[in-house]
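Q: sequence plus the predicted model coming up.
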Amino acid sequence: MGNALSTIAELLGVEVNNLGFILALIVILIGFIALLFYWLIEVERKPSFSRFDKNPLLRPIAEHWWESEAVFNPAALVIGGRVNLLYRALGRDGISRIGYASSKDGIHFDERLSEPVYTAESPEEARDHYSFTSPARLVYSRALYASGGGWGGCEDPRAVCIDGVVYMTFNMFNGWDSMRVAFTSIDEYNLLHAHGLWNRFSYLSKPGERQKNWVLFPEKIDGKFALFYNLDKGDPTRVHIAYLDTLTMAQVPSQEEAIDPQQLPDHSVAWHYRTRSAAAPPLKTPYGWLLFYHATDPKQPDIGYKLGALLLDLHDPKRVLYRAQEPVLEPKEWYENEWKRGVTYVSGAVILGDEVIVYYGGGDKYVAAAKANLRDFLHRLMNHEHATLETVKV
């Protein structure tokens, strides 16, 4: 050993007594370089936005007539210290109704009602709208109606709580010639305790116009309701918001302004070429309004619902500050492809602690969720870093 040290000292041109000190410095330097390398990898890594390994969180219940076929596309709210989901449900009659479930941690839903929490119409009212089918044929059919398997009712709810009142917007589908945006409301206390005391719904979009997927901001802006109705019409730096004194059809934009999302022109923006619609209502963060949206990737045009992300200016939310350059969620898991292939349809998002959780419909059949550290996600969004989702145990 002594000869070896002497040889190393001779090669380095130092005294044997100083060799231990120099070797220690080398070890410290190597360790510092390793730590620096690890830190750089961590800074550049993809955000930790991950699906829950317990997905799907909600499944159809065969014993419940109104949700025996599919449960999907949920609105999400944090009220009373719990995550409250208002999800779209389909039973054997093919009419969309709204179910209710709640969870303390956002994962385990230990409360789920056995009856619908909201139905837009009675069966008699619903049948009056469907001139293209008879009541005898008014049944859930994946073959005849590929978008969820239903024939009508209240579809794809989104919800916000403003000044103690929960407002739920939804797509009111009464046949392909009647696709409109409607809303209803309920007192926050009644949502938690009485569940069914919703006000009669009112239409927001006008008759004869095909509209869907309008969302409200979760607070008034300059004393007005802020209604998000279009992502862009050729200008990716701006989105389209109507400011309303009251939620009435008379105040919403005309069809020339609020274009049917199916009629928006294709144009290349970030990772997508067809912008479809807003996903969940915007989330307020210190850096801006975090808005998720649906769009179509030209590399996979057969997949209709990949998820994008925007950060909007807090004071002028029509202004886009940052945009994710890649999808932040795209269908990969079995429950996103089992029934209708390639669907991750986000309609609810919450901030719970230091995490952002998105709730979505997988394959037009299940309710699933994914989460990210909010600070980490915003940092990568604002630095134009790539976001993806991987399955992890939680």
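A: Looks like it arrived, so ask away.
Q: sheet partners, orientation included, of the one helix or strand residue 182 maps to?
A: According to DSSP states H and E, residue 182 maps onto strand 179-187. Partners of strand 179-187 in the sheet, by DSSP bridges, are strand 165-173 (antiparallel), strand 202-203 (antiparallel).
Q: and the next helix or strand after that strand, what other elements does it pack with?
A: Per DSSP H and E, the first helix or strand lying C-terminal to strand 179-187 is helix 188-193. Judged by 3 or more CB pairs under 8 Å, 6 or more residues apart in numbering; DSSP states H and E, helix 188-193 is in contact with strand 70-79, strand 165-173. Where you see a C-beta, it was placed from the backbone N, CA and C, and this is true even at glycine.
Q: with only the CA atoms kept, save the shortest one in CSV.
A: Extracted as CSV, the C-alpha positions of strand 165-173 are listed here (Å, rounded to 0.1, in the frame of the first residue of the first chain):
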residue,chain,number,x,y,z
VAL,A,165,-73.6,29.7,-5.2
VAL,A,166,-72.6,26.7,-7.4
TYR,A,167,-73.2,27.4,-11.1
MET,A,168,-73.1,24.4,-13.4
THR,A,169,-72.9,24.9,-17.2
PHE,A,170,-73.6,21.9,-19.4
ASN,A,171,-74.3,20.9,-23.0
MET,A,172,-78.1,20.5,-23.5
PHE,A,173,-78.4,18.0,-26.3
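Q: tell me the angle of it relative to strand 70-79?
A: Put simply, strand 165-173 runs at 160 degrees to strand 70-79, going by axes from the mean of the first three to the mean of the last three CA atoms, to 10 degrees.
Q: how about strand 165-173: buried residues?
A: Within strand 165-173, the residues scored as buried using 16 or more other CB atoms under 10 Å are 166-173.
Q: about what we covered before: so which of the strands paired with strand 179-187 gets nearest residue 195?
A: Of all those, it is strand 165-173 that lies closest to residue 195, at 11.3 Å by CB to CB.
Q: so what pLDDT did the closest residue to residue 188 other than its chain neighbours get?
A: Once flanking residues are discounted, residue 188 sits nearest to residue 164: 4.9 Å by CB to CB, 6 or more residues apart in numbering. We have a pLDDT of 96 for residue 164.
Q: picking up where we left off before, quick one: buried residues of the strand holding residue 182?
A: Buried residues in strand 179-187 (16+ other CB under 10 Å): 179-186.
Q: what does that strand contact?
A: 118, 120, 154, 164-174, 197-207, 209-214, 216, 247 (CB atoms under 8 Å, 6 or more residues apart in numbering).
Q: ok, the residue nearest to residue 188 - how many residues close by?
A: 9 (other CB atoms under 10 Å).
Q: equivalent analysis for residue 54, please.
A: For residue 54, using other CB under 10 Å, the count is 12.
Q: ok, residue 62 next?
A: So residue 62, with other CB under 10 Å, has 9 neighbours.
Q: excluding its backbone neighbours, what's nearest it?
A: Excluding the flanking residues, the one nearest residue 62 by CB to CB, 6+ apart is residue 68, at 5.1 Å.
Q: which SS class is that neighbour?
A: Recorded secondary structure, residue 68: coil (DSSP: H, G, I helix; E, B strand; the rest coil).
Q: from residue 318, how far out is it?
A: 43 Å (CB to CB, to the nearest Å).
Q: those two: who's more crowded?
A: Using other CB under 10 Å as the criterion, residue 68 and residue 318 rank with residue 68 on top: 17 against 14.
Q: who are the neighbours in contact with that one?
A: Here residue 68 is in contact with 60-62, 91-92 (CB under 8 Å, 6+ apart).
Q: distance check, it against residue 59.
A: To residue 59, residue 68 is 11 Å away according to CB to CB.
Q: what does residue 52 give?
A: Plainly put, residue 52 is 14 Å away from residue 59 if you go by CB to CB.
Q: so what sits opposite residue 352 in the bridge?
A: For residue 352, the beta-bridge partners are residue 355 (DSSP bridges).
Q: so what's the residue count around it?
A: Neighbour tally, residue 352, other CB under 10 Å: 19.
Q: contacting residues around it?
A: 78, 83, 105-106.
Q: go again with 7 Å.
A: With contacts defined as CB atoms under 7 Å, 6 or more residues apart in numbering, the neighbours of residue 352 are 78, 83, 106.
Q: which of those residues count as buried?
A: Listed as buried from the contacts of residue 352 are 83, 106; burial here means 16+ other CB under 10 Å.
Q: out of the contacts of residue 352, which comes closest to residue 362?
A: Among those, and counting by CB to CB, the member closest to residue 362 is residue 106, at 16.5 Å.
Q: what's the separation between that closest one and residue 52?
A: Distance, residue 106 to residue 52, using CB to CB: 9 Å.
Q: ok, now residue 163?
A: For residue 163, the distance to residue 52 equals 32 Å [CB to CB].
Q: and the two? Which one has more around it.
A: residue 52 (19 against 7).
Q: kindly provide the whole-number mean pLDDT of stretch 180-188.
A: 94.
Q: try stretch 350-367
A: Mean pLDDT, computed over stretch 350-367, is 96.
Q: just how off-centre is it within its chain?
A: Taking CA atoms, centre = their mean, to the nearest Å, one finds stretch 350-367 lying 6 Å from the centre of the chain it belongs to.
Q: hang on, the earlier thing: and the strand holding residue 182, C-alpha only, in PDB?
A: In PDB, the C-alpha atoms belonging to strand 179-187 read as follows (Å, rounded to 0.1, in the frame of the first residue of the first chain):
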ATOM      1  CA  MET A 179     -77.100  21.500 -29.200                       C
ATOM      2  CA  ARG A 180     -77.000  24.400 -26.800                       C
ATOM      3  CA  VAL A 181     -75.200  25.600 -23.700                       C
ATOM      4  CA  ALA A 182     -77.400  25.800 -20.500                       C
ATOM      5  CA  PHE A 183     -76.800  26.400 -16.800                       C
ATOM      6  CA  THR A 184     -78.300  25.700 -13.500                       C
ATOM      7  CA  SER A 185     -77.400  26.700  -9.900                       C
ATOM      8  CA  ILE A 186     -77.700  25.600  -6.300                       C
ATOM      9  CA  ASP A 187     -76.700  27.000  -3.000                       C
END
